[in-house]
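Student: quick one, structure for this:
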Amino acid sequence: MNLSELSLRRPVLAIVCSIVIIIFGGIGYKYLGIREYPAIDPAVVNVRTSYVGANADIIEQQITEPLEKAINGVPGVKNITSTSSTGASNITVEFELNVDLERAANDVRDKVSQALGNLPQDIDAPPTVSKADSDSDPILFLQIQSQSKGLLELTDYAENVVQERLQTVSGVSGVSVFGKRYSMRLWIDPSKLSAYKLTINDIRAALDRENIELPGGKIRGNTTQLIVKTFGKLTTEQDFNDLILREDNNGVVRYKDVGYAELGADNEESVSRKNNVPSVNRDR
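Tutor: Just a heads-up that it's a prediction; the model follows:
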């Protein structure tokens, strides 16, 4: 005799057994242990600083270490990791789980602001403090290739055309372009520089003095008022080559006397390839 035959012959017994099972099932469900898996995003703050032209040792000694010493005083810090590379410093600060991300980011900004006086005065921009978001990691990488255009043209096209269109797509939080951008590169002949008794600081001072746009003010008349705009930015290779480094009784020394300017890529140390063809990367 099996269970189904017994249930057909004794329906009352089958009903009673079903009720007992339901009762014990309800009791067991009430005392059933629940294992929770909460979605926890640890408070992580990134501090990025750009110092173009500096090697990794200078980045570590003059930027990374002063910032780490200042950030180390923020309460709730679990660990600090940093990376010093050519021209860039990246510091990642991880906090305890009970620390609020907004408060942690504000505390880090305050400490970084206090440490600005210990950083080089000619850094490209103040350190950037950003909150790390686990959902902000790129989930899709795209590559742009061309048989007729170079990487500089591809990067310009990706930033001015493709990036703007992708950012308007619903659900896309951000688009980053990794390529080679136009940059004016200044090449210097050390022997010529020494012959004219000049230094790198002299060239930097001339650039800071001449490559600048200042407000020109206004010209007022009886019935008119004109806004004066000054053009002081150097834009072409010829403008940089004609830059006056020194002018005295011995004559005028221009930049082309000690070197030459060339419009090229801002970074020639890295390249992206797909199927052995140079390309520009985008992530979103």
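Student: all the strands of the stretch 101-250 of the chain, residue numbers only.
Tutor: Secondary structure of the stretch 101-250 of the chain (DSSP state E, counting those that start in this stretch): strands located at 128-131, 141-144, 176-178, 182-188, 215-220, 225-229, 244-248.
Student: can you list those strands in TSV and add distance to residue 169 and mean neighbour count?
Tutor: All C-beta spots, glycine's among them, are computed from the backbone N, C-alpha and C. Below are the strands of the stretch 101-250 of the chain laid out as TSV (distance: least, Cβ to Cβ, whole Å; neighbours: other Cβ atoms under 10 Å):
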stretch	distance to residue 169	mean neighbour count
strand 128-131	23	15
strand 141-144	12	16
strand 176-178	15	16
strand 182-188	27	14
strand 215-220	40	10
strand 225-229	38	9
strand 244-248	49	13
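Student: of all those strands, which lies closest to residue 236?
Tutor: Of all the strands of the stretch 101-250 of the chain, strand 182-188 sits nearest to residue 236, with 8.8 Å by Cβ to Cβ.
Student: residue 264 falls within a strand, correct?
Tutor: Yes. When DSSP: H, G, I helix; E, B strand; the rest coil is applied, residue 264 is found to be in a strand.
Student: low-confidence ranges, the stretch 101-250 of the chain, go.
Tutor: Within the stretch 101-250 of the chain, the segments meeting pLDDT under 70 span 133-137.
Student: ranges for the helices of this protein?
Tutor: Assigned by DSSP state H, the helices in the chain fall at 3-9, 11-30, 56-59, 65-71, 101-114, 151-157, 163-167, 190-195, 200-210, 237-241.
Student: now the ones you listed as TSV including distance to residue 180 and mean neighbour count?
Tutor: Formatted as TSV, the helices of the chain follow (distance: least, Cβ to Cβ, whole Å; neighbours: other Cβ under 10 Å):
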stretch	distance to residue 180	mean neighbour count
helix 3-9	76	10
helix 11-30	62	10
helix 56-59	21	16
helix 65-71	28	18
helix 101-114	30	17
helix 151-157	5	19
helix 163-167	15	13
helix 190-195	27	12
helix 200-210	22	13
helix 237-241	18	16
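Student: which one of these lies closest to residue 218?
Tutor: Nearest of the helices of the chain to residue 218, taken as Cβ to Cβ: helix 200-210 at 23.9 Å.
Student: which secondary structure elements does that closest one contact?
Tutor: Helix 200-210 sits against strand 182-188, strand 244-248, with contacts defined as 3 or more Cβ pairs under 8 Å, 6 or more residues apart in numbering; DSSP states H and E.
Student: for the last one, which helices and strands make contact with it?
Tutor: Contacts defined by 3+ Cβ pairs under 8 Å, 6+ apart place strand 244-248 against helix 200-210, strand 251-254.
Student: neighbouring contacts of that strand?
Tutor: By Cβ atoms under 8 Å, 6 or more residues apart in numbering, the residues outside strand 244-248 that reach it are 196, 198, 202, 203, 206, 210, 252, 253, 254, 255, 257, 258.
Student: mind listing the strands that strand pairs with, and their directions?
Tutor: As defined by DSSP bridges, the strand partners of strand 244-248 come to strand 251-254 (antiparallel).
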